[in-house]
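no FASTA, just this:
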């Protein structure tokens, strides 16, 4: 979803919706397929799966009705491209994965944990929230500006950057909140202070156990927003126990070139075929 939205808005801002002969806009799926295939060509995976959000209502919106309420509905030009993108992915005979009530990140987190003992997992996304699932054999490739540019994170690189472990990102977001997801955390506690607290006391429980050692201002802010701190933590945590399964056999990266080209022609995605690499084709 992060790739599709990024691709859509990159061209929608200038009104380039790339309507095909059926009158369907294709700018989002065109950019998505470029991100998708360039990522595959760069990282050369043996297996591929794609995860999707399944609507805006999730267990998080049930917990907090303000969650992501600051986001407008999907643009009308993007709506028909959701199913087209899934159809395009399906033409490669790899899984489209999504579970009602959960976000794509929850599916990604669950699968990365389930498969990390069998394979080296690389998560390709534009969303930094997923960094909390970094682990042994789990790395994250964040899209940088442009096409084909990646910032690859491992548990070690995350620690070098933040001074905390990936799992502590959950509590970091609980303290500082997330404006893009519209939950406040503890008002007045920013990233710098939150990082210092977690580097010193490890987690929220450690901070609360030592709350008398904090500055008067920090103590007051945390006590005033204690309920929101705990709620924000629940909202920030990517669930890794979603009822979803995907075997490596299902996700093997081998596709029928004719089948893929037929779908490209049907949707009228010109120029994408040149990104198909022959060694993976059957």
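Received the coordinates, thanks. This is a predicted model, so every value here is computed, not measured. Residues are numbered from 1 along each chain as shown.

so what's the residue count around residue 204?
Neighbour count of residue 204, defined by other CB atoms under 10 Å: 21. To be clear about C-beta, it is placed using only N, CA and C from the backbone, and glycine gets the same treatment.

which ones are touching it?
171, 174-175, 229-230, 233 (CB atoms under 8 Å, 6 or more residues apart in numbering).

got it, and residue 250?
Applying CB under 8 Å, 6+ apart, we find residue 250 in contact with 49, 94-95.

where's it relative to residue 94, distance?
Look at residue 250 and residue 94: by CB to CB, to the nearest Å, they are 8 Å apart.

shared neighbours of the two, anything?
Between them, residue 250 and residue 94 share these contacting residues under CB under 8 Å, 6+ apart: residue 49.

once you drop chain neighbours, what's closest to residue 167?
Computed as CB to CB, 6 or more residues apart in numbering, the closest residue to residue 167 that is not its neighbour in sequence is residue 132, at 6.2 Å.

wasn't the one you found part of a helix?
Yes: counting by DSSP: H, G, I helix; E, B strand; the rest coil, residue 132 falls inside a helix.

same for the strand or helix carrying residue 85, what does it pack against?
Element membership for residue 85, per DSSP states H and E: helix 79-90. Contacts defined by 3 or more CB pairs under 8 Å, 6 or more residues apart in numbering; DSSP states H and E place helix 79-90 against helix 2-12, helix 27-43, strand 96-97, helix 257-267.

gap between the third one and the chain center?
Taking CA atoms, centre = their mean, to the nearest Å, one finds the center of strand 96-97 at 14 Å from the center of the full chain.

quick one: strands adjacent to it?
Here strand 96-97 is paired, per DSSP bridges, with strand 50-51 (parallel).

what's the strand it pairs with in contact with?
1, 36, 89, 94-98, 104-105, 107-108, 111.

list buried residues within those residues.
Neighbour counting over the contacts of strand 50-51 (16 or more other CB atoms under 10 Å) leaves 1, 36, 89, 94-95, 97-98, 104-105, 107-108, 111 as the buried ones.

now do the helices in the stretch 151-282 of the chain.
With DSSP state H, counting those that start in this stretch as the definition, the stretch 151-282 of the chain shows helices at residue ranges 155-162, 168-176, 191-201, 204-209, 216-224, 226-236, 257-267.

mean neighbour count, the ones you listed: which tops it?
Greatest average neighbour count among the helices of the stretch 151-282 of the chain goes to helix 168-176 (a mean of 23), per mean count of other CB atoms under 10 Å.

that one packs against which elements?
With contacts taken as 3+ CB pairs under 8 Å, 6+ apart, helix 168-176 sits against helix 155-162, helix 191-201, helix 204-209, helix 226-236.

could you check how far residue 33 is from residue 7?
Distance, residue 33 to residue 7, by CB to CB: 8 Å.

now do stretch 194-208: distance from first to last residue.
Terminal residues of stretch 194-208 lie 13 Å apart, using CA to CA, to the nearest Å.
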